[in-house]
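Novice: Fold the following for me, if possible:
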Amino acid sequence: MKARVLVSLAVVLVLGLPRSTIAQPGKDKKPAVKCAEKQKPPLQITPKSDDREFVITFPTSEPENWETAWTVIWDIENGKQANDQGFTKLQNGKEVPQFNAGRGPIFFKIKKAYFKPGQKADWIQVLEDTHPQEFYVPYYFRGTRFYDLRDVGSYTTLSAKEGGAVSQLMGKSGRVIAELRDTGVAYKYGNLTRRGEELTLWANFQAGNYTYMVEYGFKDDGGIVFRHSPTGYNYLSHFDGSHMHGSYWRIGVKLGPDGNNHKNQVYVVNLPTDPKAQGDGGKLDIKEITKESFHDWNAEAFTRIRVSNPNYSIVPEAKDRPALPISYDLVTVQQGVARHRRNPDEKYTLHDFWITRHDCPQKMYVYLGDYFFQKDALNPNLKSLNQDNVAIWHSSSALHVPRAEDGILKGNSSVNGQALIYWTSFELRPRNLFLTTPIYRTTP
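Specialist: Here you go, the predicted model:
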């Protein structure tokens, strides 16, 4: 078991101030600039939900004239709750509960998320049962490796001071922070521009010497960003301990308004890499996925996974095309592709996207290899998707190469320093949920 200390980090950003107004070392003991008091994000929290269900509208500066909105239902679940949902492992030929019943909070879930692309629009469900399933850390020497979620850690309590300028601590347990963020320029042409917003829910998973930041970002344009980053102090006190930090996610998708969200189609979308398939008349290679299967990301092809609702459209038909079904594209941002082949239980790392039915009996990412393969042959009992709701299983990884900036020159401990955060991420991007650019402003 690895030891852990949680250290809060405070960050002060000073913009546009002349040098004379900034406190100089050894000269000014009082700060030259006072930090503004925190404000809470404008969340409409459902009564008696312990902050676990809320609505936020955008732009937040126009509460009466809002144009888009999110309803989010989240939770943090412990080991017993996971076992009660059917999380098991094979032990001595028998299925037994996966987690010790005394394990603390291990799953930070978005149980449901609905997006509303206009005041008069339907609430469109996007997510159902989405969460990180594993933080896997294999080292590239000896046999050192850790399944930090399955075997080691739990989500820790947070302090309100760790949130940004517009933030609040969520829930009685205080393990989640809701934070309203400026995401920068959303579009610009001449003097027509607007800055975007995102409501971020974040938590911190503590496992021995490492902790993991986990974020869900709900954007004003209907997008959702999934982020993970390791931090904490190094396991070893030398520079030869290179290792991978892999985050393995289950993304449950249930797309459409209530009553019309049980039929979804899934596609793998690629840009053709053959020059003969490009140029005049060139089209994307879009293939429907009709059976539980795995797929790999191709950098040249900009591979993405698309989920559509064939029975619900906002963009109507036109003379040259049919009505366009609402869709979301899973778009990954890869630093590299982590493949682990040293151990027989690492087959789940051999592909980038795994697609299963939403009711797949296998609930753990790290056992997907056993579900898809039997004695190194493809499982003949993989099921048809039948245009039912699906789970997309996707990983995003970061290679950690120890450096002096990790604070290890005087020994590996939180007293000497910590590894700085570096994010891995992917996102769900909406397609055809709007008739024009979201929250478009033609008046500067």
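
Novice: for the stretch 1-150 of the chain, which spans come out with low pLDDT?
Specialist: Across the stretch 1-150 of the chain, the ranges flagged by pLDDT under 70 are 1-36.

Novice: can you give me the helices in the chain?
Specialist: If DSSP state H is used as the criterion, the helices of the chain fall at 79-84, 368-372.

Novice: Would you reformat the ones you listed as TSV and include distance to residue 143?
Specialist: To be clear about C-beta, it is placed using only N, CA and C from the backbone, and glycine gets the same treatment. Shown next, in TSV, are these (distance: least, CB to CB, whole Å):
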stretch	distance to residue 143
helix 79-84	26
helix 368-372	19
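
Novice: Packed most tightly, which of these would that be?
Specialist: When neighbours are counted by mean count of other CB atoms under 10 Å, the highest per-stretch mean among these falls to helix 368-372, a mean of 20.

Novice: Mind giving me the packing neighbours of that helix?
Specialist: strand 353-357 (3 or more CB pairs under 8 Å, 6 or more residues apart in numbering; DSSP states H and E).

Novice: Enumerate the positions of the strand it packs on that are buried.
Specialist: Using 16 or more other CB atoms under 10 Å as the burial criterion, the residues of strand 353-357 that qualify are 353-357.

Novice: again with stretch 437-444
Specialist: Of the residues in stretch 437-444, those buried under the neighbour-count criterion (16+ other CB under 10 Å) are 438-439.

Novice: chain center to it: distance?
Specialist: Relative to the centre of its chain, stretch 437-444 is centred 28 Å away, using CA atoms, centre = their mean, to the nearest Å.

Novice: hmm, who's touching that stretch?
Specialist: Contacts of stretch 437-444 from elsewhere in the structure, counted by CB atoms under 8 Å, 6 or more residues apart in numbering, are 58-59, 67-68, 117, 186-187, 191-194, 220-222.

Novice: got the CA positions of that stretch in PDB?
Specialist: Extracted as PDB, the C-alpha positions of stretch 437-444 are listed here (Å, rounded to 0.1, in the frame of the first residue of the first chain):
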ATOM      1  CA  THR A 437     -24.300  28.400 -34.200                       C
ATOM      2  CA  PRO A 438     -25.200  28.000 -30.500                       C
ATOM      3  CA  ILE A 439     -25.700  31.300 -28.600                       C
ATOM      4  CA  TYR A 440     -24.800  33.300 -31.700                       C
ATOM      5  CA  ARG A 441     -24.500  37.000 -31.300                       C
ATOM      6  CA  THR A 442     -24.600  39.200 -34.400                       C
ATOM      7  CA  THR A 443     -24.300  42.400 -32.400                       C
ATOM      8  CA  PRO A 444     -20.800  43.000 -31.000                       C
END
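
Novice: rewinding a little: specify which member of the contacts of stretch 437-444 is nearest to residue 127.
Specialist: Looking at those and their distance to residue 127, the nearest is residue 222, at 12.0 Å (CB to CB).

Novice: what sits against that closest one?
Specialist: Residues in contact with residue 222 (CB under 8 Å, 6+ apart) are 68, 115, 117, 430, 433-434, 438.

Novice: And the strands in the stretch 251-400 of the chain?
Specialist: Ranges of strands in the stretch 251-400 of the chain, per DSSP state E, counting those that start in this stretch, are 265-270, 285-289, 293-295, 304-315, 324-333, 353-357, 373-374, 377-378, 390-400.

Novice: wait, which of those is closest to residue 235?
Specialist: The minimum distance between residue 235 and these falls on strand 390-400, with 9.9 Å, by CB to CB.

Novice: For that closest one, C-alpha coordinates in CSV please.
Specialist: Backbone C-alpha positions of strand 390-400 (Å, rounded to 0.1, in the frame of the first residue of the first chain) are rendered in CSV as follows:
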residue,chain,number,x,y,z
VAL,A,390,-24.8,1.4,-25.6
ALA,A,391,-21.7,1.9,-23.4
ILE,A,392,-18.6,3.2,-25.0
TRP,A,393,-15.4,2.2,-23.1
HIS,A,394,-12.5,4.5,-23.9
SER,A,395,-9.1,5.1,-22.3
SER,A,396,-6.8,8.2,-22.2
SER,A,397,-3.3,7.9,-21.0
ALA,A,398,-0.3,10.0,-20.1
LEU,A,399,3.4,8.9,-19.9
HIS,A,400,5.1,10.2,-16.7
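
Novice: which secondary structure elements does that strand contact?
Specialist: strand 224-232, strand 243-256, strand 304-315, strand 324-333, strand 353-357, strand 424-431.

Novice: The second one to strand 424-431, inter-axis angle?
Specialist: This means strand 243-256. Using axes from the mean of the first three to the mean of the last three CA atoms, to 10 degrees, the inter-axis angle of strand 243-256 relative to strand 424-431 is 20 degrees.

Novice: Pull out the buried members of the contacts of residue 222.
Specialist: 68, 115, 117, 430, 433-434, 438.

Novice: if we can go back for a sec, who wins for proximity to residue 179 among the helices of the chain?
Specialist: Closest among the helices of the chain, using CB to CB: helix 79-84, at 25.6 Å.

Novice: who touches that closest one?
Specialist: Outside helix 79-84, the residues that touch it by CB under 8 Å, 6+ apart are 97-104, 106-107.

Novice: Return the subset of those residues lying in strands.
Specialist: When DSSP state E defines the strands, the subset of the contacts of helix 79-84 inside them is 97, 106-107.

Novice: want to throw those into CSV with distance to residue 399 and neighbour count?
Specialist: CSV is the format used below for the ones in strands among the contacts of helix 79-84 (distance: CB to CB, whole Å; neighbours: other CB atoms under 10 Å):
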residue, distance to residue 399, neighbour count
97, 34, 16
106, 25, 24
107, 26, 23
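
Novice: so which of those comes closest to residue 334?
Specialist: Distances from residue 334 to those, taken as CB to CB, are shortest for residue 107 (24.7 Å).

Novice: Excluding residues flanking it in the chain, which one is nearest residue 407?
Specialist: residue 417 (1.3 Å; CB to CB, 6 or more residues apart in numbering).

Novice: How about the contacts made by that neighbour?
Specialist: Under the criterion of CB under 8 Å, 6+ apart, the contact list for residue 417 reads 233, 405-408.

Novice: Compare the residues you listed and tell me which has the most neighbours.
Specialist: The member of the contacts of residue 417 surrounded by the most neighbours (other CB atoms under 10 Å) is residue 233, with 26 neighbours in all.

Novice: pretty sure that one contacts residue 413?
Specialist: Yes. Under the contact definition of CB atoms under 8 Å, residue 233 touches residue 413, with a separation of 5.9 Å.

Novice: Pull up the gap between the residue most central in space within the chain and residue 140, please.
Specialist: For the chain, the residue lying nearest the average C-alpha position, counting by CA atoms, centre = their mean, turns out to be residue 226 (1.9 Å). With the distance defined as CB to CB, to the nearest Å, residue 226 ends up 26 Å from residue 140.
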